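>>> Requesting a structural model of the entry that follows:
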Amino acid sequence: MNLSLTKLGWNSHFEQFGQQYKDFQFGRISLEHKHLYRVLTEHGEVLANLSGKFRFSVQTEADHPSVGDWVVLSIREDEQKGTIHNCLPRFSKLSRKSAGNSGTEQLIATNIDTLFIVNALNQDFNLRRMERYLVMAWESGATPVLLLTKSDLCEDIEKKVRKVESVALGVSVHVISSIMKTGLDTLDPYLIEGKSVAIVGSSGVGKSTLVNSLLGVEKQKTQDSRSDDDRGRHTTTYRELISIPKGGILIDTPGMRELQLWGTEHALEQSFSDIEMLANNCYYRDCNHNTEPKCAIKAAIESGALASERFASFKKLQRELAFYERKEKRKAGKK
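Residues are numbered from 1 along each chain as shown. Below is the predicted model:
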C-alpha cells in the first residue's frame, strides 16, 4: 500500500525534526513484533529492524519505536526491507503502567490527535472505568472522545448519556451502534486526512465491530456476545495502524483487562476539574474533605451536586498516582 507522507499523518512537527536527515527516508510504524517493525512509507510497506547504533542508544523500553511513531530509515527497495536509525520526537503518547510489579511504562500508541474511548451501553456500562480512561487520555496529549456503543441493546440511552456527561466534563460523547450502522457519521469530523485516531476500551465493548464499520471491510474478526453477561468476546490481540478509506489513520488496540495509570497529578486534575473547583471553595486551604468544617466537597455530596462515588474514584486514583510517583522517586534516588 503506497500512501503519501501527508496521508500517513506527516505534518510541520515532523518536518521540523526531519530536516537534519537529508540522506534518509521516513515512515510510520504500523505493526510491532519483538522489535521487528512493519513500516508504511511512500514506497509501500517495508519490514525493518533497528540499527545497532540506535538499539545501543535506547535507554528504556518506552524509548523503542512504537505503533504510530515516525522513524528515520534506509530502505532496500528490491527487498522491501529497511533499517531504522532513529525515531522522530512524538507530539503525543498514550501509555499505561505495565502489568505486574515492574513499574515500567508501556506505550500503547504515539502521535495521535484523538483518542476514541469505547464503552458499551449494555451490562458493561461502567462510569468509574471511564474516569480512569479519561485520566490516561488527558495525560497522553490527545483529545479524548467517548463512544457509547451497542445502543441497540440499551433501553435507557438518554439516562446513561447524562451520567456519562457528568463525569466527562468538556468531552464529546457519541452514541453509536455498529450493528445497526447508526451514529457512525458523527465520527467523520475526526477521521480526516492527516489526522490520527486511536481506539481503546475494555475487552468486549465492540471495538472490532466498530473498526470493521469504519473501514468498510471485515479487517478484525468479531464474535457474538456471551449470553450470560451480554459482553462481546475479546478478538483483537495486537496494536495496528490502519489507513481509513475516507481519510485519516486509525490505531486499533487490544481490549484492556487491566488499566494501571501512568500519569501525573495534572491529568487527574483535568479529568476531575469539577472536584478541583469545589475544593477551592473549602474554608481551609489544606482541607482533606474528611471531618473539617465548611468543606465544599462534603456539602456538594450532601446536596447531591457531587456523587460520592465520583469523589471516591478521585481519591482512589489520586492515591494510585501518588504511590507510583513516590516509587519512581525512590528509584531515581538509588541511581
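>>> what residue ranges in the chain score low on pLDDT?
Low-confidence segments of the chain (pLDDT under 70): 1-2, 98-103, 218-237, 255-264, 323-335.
>>> List the buried residues of the lengthiest strand in it.
The longest strand of the chain (DSSP state E) is strand 25-33. Buried residues in strand 25-33, counted by 16 or more other Cβ atoms under 10 Å: 25-32. Where C-beta positions appear, they are placed from N, C-alpha and C, glycine not excepted.
>>> and it, C-alpha only, in CSV?
The C-alpha coordinates for strand 25-33 follow below in CSV (Å, rounded to 0.1, in the frame of the first residue of the first chain):
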residue,chain,number,x,y,z
GLN,A,25,13.6,8.3,4.2
PHE,A,26,10.7,8.4,6.7
GLY,A,27,8.0,6.0,7.5
ARG,A,28,5.4,5.3,10.1
ILE,A,29,5.2,2.1,12.2
SER,A,30,2.0,0.2,11.6
LEU,A,31,2.9,-3.0,13.5
GLU,A,32,5.5,-4.2,16.0
HIS,A,33,6.6,-7.7,16.9
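>>> in its sheet, what does that strand sit against?
Strand pairing for strand 25-33, using DSSP bridges, gives strand 36-41 (antiparallel), strand 70-76 (antiparallel).
>>> now the longest one, how far from the chain's geometric center?
Averaged C-alpha coordinates place strand 70-76 at 26 Å from its chain's average position (Cα atoms, centre = their mean, to the nearest Å).
>>> so after it, what's the next helix or strand?
strand 81-87 (DSSP states H and E).
>>> could you give the angle of that following strand to strand 70-76?
Interaxial angle, strand 81-87 versus strand 70-76 (axes from the mean of the first three to the mean of the last three Cα atoms, to 10 degrees): 150 degrees.
>>> Name the residues of strand 81-87 that are buried.
Buried-residue list, strand 81-87, by 16+ other Cβ under 10 Å: 82-87.
>>> what's the answer for stretch 38-46, then?
Within stretch 38-46, the residues that count as buried by 16+ other Cβ under 10 Å are 38-42, 45-46.
>>> elements contacting the strand or helix carrying Glu131?
Here Glu131 sits within helix 127-140, counting by DSSP H and E. Packing partners of helix 127-140 (3 or more Cβ pairs under 8 Å, 6 or more residues apart in numbering; DSSP states H and E): strand 93-97, strand 114-120, strand 143-149, helix 157-167, strand 196-201, helix 265-271, helix 308-334.
>>> so how far is Tyr284 from the closest residue to Gly170 other than its chain neighbours?
Of all residues not flanking Gly170 in the chain, Ser273 sits nearest, at 7.7 Å (Cβ to Cβ, 6 or more residues apart in numbering). Note on Ser273: its distance to Tyr284, by Cβ to Cβ, to the nearest Å, is 21 Å.
>>> now Gln20
53 Å.
>>> for Ser243, same thing?
For Ser243 relative to Tyr284 (Cβ to Cβ), the value is 55 Å.
>>> Which one's more surrounded, those two?
Ser243 (17 against 11; other Cβ atoms under 10 Å).
>>> Contacts only, for that one.
1, 3, 7-8, 40, 249-250 (Cβ atoms under 8 Å, 6 or more residues apart in numbering).
>>> Could you count how many residues lie near Ile62?
Rather than Ile, residue 62 is Ala. Residue crowding around Ala62 was assessed by other Cβ under 10 Å; the count is 16.
>>> hang on, it packs against Thr110?
No. Using Cβ atoms under 8 Å, Ala62 makes no contact with Thr110, being 9.8 Å away.
>>> What does Leu215 show for phi and psi?
phi -90, psi -20 (degrees, to the nearest 10).
>>> My read is that it contacts Glu240, right?
No. Using Cβ under 8 Å, Leu215 is not in contact with Glu240, being 11.4 Å away.
>>> who has more neighbours, those two?
Glu240 (20 against 17).
>>> which ones are touching the more buried one?
Under the criterion of Cβ under 8 Å, 6+ apart, the neighbours of Glu240 are 30-31, 67, 251-252.
>>> Including distance to Leu115, could the residues you listed go into TSV?
TSV is the format used below for the contacts of Glu240 (distance: Cβ to Cβ, whole Å):
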residue	distance to Leu115
Ser30	18
Leu31	20
Val67	14
Ile251	9
Asp252	12
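>>> tell me which of these is nearest to Pro293?
Distances from Pro293 to the contacts of Glu240, taken as Cβ to Cβ, are shortest for Ile251 (49.6 Å).
>>> Please name the strands paired to the helix or strand harbouring the closest one in the sheet, noting orientation.
Secondary structure assignment for Ile251, by DSSP H and E: strand 249-252. The strands that strand 249-252 pairs with in its sheet are strand 196-201 (parallel), strand 240-243 (antiparallel) (by DSSP bridges).
>>> Thanks a lot, catch you later.
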